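Q: just the structure for this:
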Amino acid sequence: MTVADKKEVAPSPTGTQAEKAPLASEGAGGPESVDRIRQIIFGAQMEDYERRFSQLEKRLVQESAEIRKDLVKQFQNLEAALQREVDRLSKQLTAERDSRVKAAEKLSKKMLEEDRKLEAKIVSGGDRFDKLLKSAEEKAKKLLQDRFSRLQERIEELKGDKTDRAALARILRGAAEQLENSKKS
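A: The predicted structure follows:
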């Protein structure tokens, strides 16, 4: 039964005897008559409600499908944006790591070069120290030899002076003996 059929069956507000007669005869019929009365009284409204609910349900299904599509699209956009950001950060991290590796290598090379320079300076300084030490040693030997030779000369002079004193002592002893001998004689 359609909405138009139910509208035709709906009783008029005044109600005629012909319309009331089937209702009176169905009153003794039980639950079917109650359903029939309900259908007559509320049928059009119920069909209207069902139609509205059906339209509402269709609209809800359609809107939920649209929302689902929007959410899927937004999640895809978000996922793409996150992937781009992860890729950008990954590239940035790789670039920074490469930069630090290059800087570390450069620093390492510089330190090795400075180490070589320092080692060369140490060797050079050691060579200069050895030369200075040899020079000082030679000067000290020469100075010692000069002092030693001067000391030898002085010793020889002193020996010569001492020898003259010994000769003088012999002469004086001889003179003393002569004096003594002359006193005795």
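
Q: model confidence over the longest helix belonging to the chain, on average?
A: Of all segments of type helix in the chain, defined using DSSP state H, the longest is helix 31-184. What helix 31-184 shows for mean pLDDT is 87.

Q: other SSEs contacting that helix?
A: helix 3-9, helix 17-26 (3 or more C-beta pairs under 8 Å, 6 or more residues apart in numbering; DSSP states H and E). (Glycine included, C-beta is placed from N, CA and C.)

Q: repeat the analysis, applying 6 Å as the threshold.
A: Counting contacts by 3 or more C-beta pairs under 6 Å, 6 or more residues apart in numbering; DSSP states H and E, helix 31-184 packs against helix 3-9.

Q: pLDDT on the helix it packs on, on average?
A: 43.

Q: quick thing: my sequence starts at 24, can you match it?
A: Taking 24 as the first residue, the last one we looked at is helix 26-32.

Q: so how many other residues sit close to Gly66?
A: Neighbour count for Gly66, taken as other C-beta atoms under 10 Å: 19.

Q: ugh, wrong one, I meant Ser56
A: A total of 16 residues lie near Ser56 under the criterion other C-beta under 10 Å.

Q: what's the distance between it and Gln62?
A: Noted for Ser56: a distance of 10 Å to Gln62, by C-beta to C-beta, to the nearest Å.

Q: cool, Leu101 as well?
A: Distance, Leu101 to Gln62, using C-beta to C-beta: 53 Å.

Q: among the two, which residue is more densely surrounded?
A: Gln62 (16 against 10).
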